[in-house]
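# following is a predicted model, sequence given first.
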Amino acid sequence: MDFNKILTHWYSVHKRDLPWRQTKNPYHIWLSEIIMQQTQIKQGLPYYETFVSNYPSVFHLANADEQDVLKLWQGLGYYSRARNLHASAKYISNELNGEFPTSYQDMLKLKGVGDYTASAISSISFDEAHAVVDGNVYRVLSRYFGITTPINSTAGIKEFKLLATQLLDIKNPGDYNQAVMEFGATQCKPKNPYCIVCPIKNSCVALQKGIVGELPVKIKKIKITKKQFNFLVFISEDKKTVFEQRTSKGIWQNLYQFPLIESETEIPLKSFESHPSVLDYFKTLDYSFSVFNPKPIIHKLSHQHLYTKFWIIEVKRLETEGIPISEVKNYPTPILISNFIDAFGF
């Protein structure tokens, strides 16, 4: 059975009509690959179209203000992707005279580009024979060949990369790479795969052994931590509030938020004024307060769950320089803050 030819043919018939599949422009392929990381097509597609519209070339992206880039990215999460995208655009524009790298090795020099992304761009845009291995590829190969090696182990990463490279259609690497990824995304899905109409079902080891739902194997490593977040939403009589930029390293770096108090446990309404962290924060400030959401909003990140309350703090005047309430929507914020701003009606 010619595995790669069957999947490439399947792809030619069943592939979804997506804008980045209508071009070999490496800039557009790069944008699509970065945006679609950890993101479903239906969510990422509008972002791709917005980025291409606002930044039609790498020069446009390089010359953009980082705050504007982060604002466009708002809601996608994993904001380091946006920061790396912007930094790499500047590198291409300033150091490479706007010429996108044309080889796998040179693409690896771009910030935020690893083996997968470099393999995808180099094969799709320049027909370089580099096999992609993403979550979809892991799933298809582990099921078809019945591989139980954990995909997030050192041995698994090496084993699947080697196998993917051996299967690669070196005459048509771009289409084959997209084919196996598309097959995993729409046919050999994580749950309820369409095994009945699968073109490779007769030689699929997982199907024959009845272990489709057990593959791929992944070692559970991440321990979820629980945090209590209390955002202080100041509102002064002259309709101003305090909005702070997070400058420390982390997923929300350079995004804006209301002043934050982290507490060991949830702060109930009746204990707010007497809570040590609150007392230390306000000291002599005269204020009135209410809680916007008595029940914490649980914001789930990959490694932590944020139990969040928004406290409305009304004061005569701010003790620090604030911004007009009407302008908070202009700043790039985490989706947790953005959702509150919409709900509160700023």
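Yep, it's here. Quantities reported herein were computed from a predicted structural model and do not represent experimental measurements. Residues are numbered from 1 along each chain as shown.

# need the residues that contact the worst-scoring helix or strand of the chain on mean pLDDT.
When the helices and strands of the chain are scored by mean pLDDT, DSSP states H and E, helix 276-282 comes last with a mean of 86. The contact list for helix 276-282 (Cβ atoms under 8 Å, 6 or more residues apart in numbering) reads N230, L232, P259, I261, E262, S263, I267, F272, E273. Quick note: C-beta positions are derived from backbone N, CA and C, even for glycine.

# and with 10 Å instead?
230, 232, 259, 261-264, 267, 271-273, 275, 289, 311, 313, 315, 319 (Cβ atoms under 10 Å, 6 or more residues apart in numbering).

# now intersect those with the helices, please.
Among these, no residue falls in helices (DSSP state H).

# mind listing what's buried in the least confident helix or strand of the chain?
V278, F282 (16 or more other Cβ atoms under 10 Å).

# from the middle of its chain, how far away would it be?
Taking Cα atoms, centre = their mean, to the nearest Å, the mean C-alpha location of helix 276-282 is offset from the chain mean by 35 Å.

# could I get that helix in CSV with only the CA atoms?
Taking C-alpha atoms only, helix 276-282 is exported to CSV below (Å, rounded to 0.1, in the frame of the first residue of the first chain):
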residue,chain,number,x,y,z
PRO,A,276,-4.4,42.1,54.8
SER,A,277,-3.6,42.4,51.1
VAL,A,278,-6.4,44.9,50.6
LEU,A,279,-5.5,46.9,53.7
ASP,A,280,-1.9,47.1,52.5
TYR,A,281,-2.9,48.2,49.1
PHE,A,282,-5.4,50.9,50.0
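
# wait, what's in contact with H305?
Here H305 is in contact with I224, T225, K226, K227, P296, I298, H299 (Cβ under 10 Å, 6+ apart).

# ok, now D169?
Contacts of D169 (Cβ under 10 Å, 6+ apart): 2-5, 7-8, 123, 129, 131, 175-177, 179-180.

# repeat that for S271.
Here S271 is in contact with T265, V278 (Cβ under 10 Å, 6+ apart).

# report pLDDT for it.
What the model reports as pLDDT for S271 is 92.

# now swap in M1 and tell me
Note on M1: pLDDT of 57.

# next one: the closest residue to K24 other than its chain neighbours from E266, what distance?
In space, and not counting its chain neighbours, K24 is closest to S125: 4.9 Å by Cβ to Cβ, 6 or more residues apart in numbering. S125 sits 51 Å away from E266, going by Cβ to Cβ, to the nearest Å.

# what does L215 give?
Taking Cβ to Cβ, one finds L215 at 40 Å from E266.

# more neighbours: which of those two?
L215 (22 against 12; other Cβ atoms under 10 Å).
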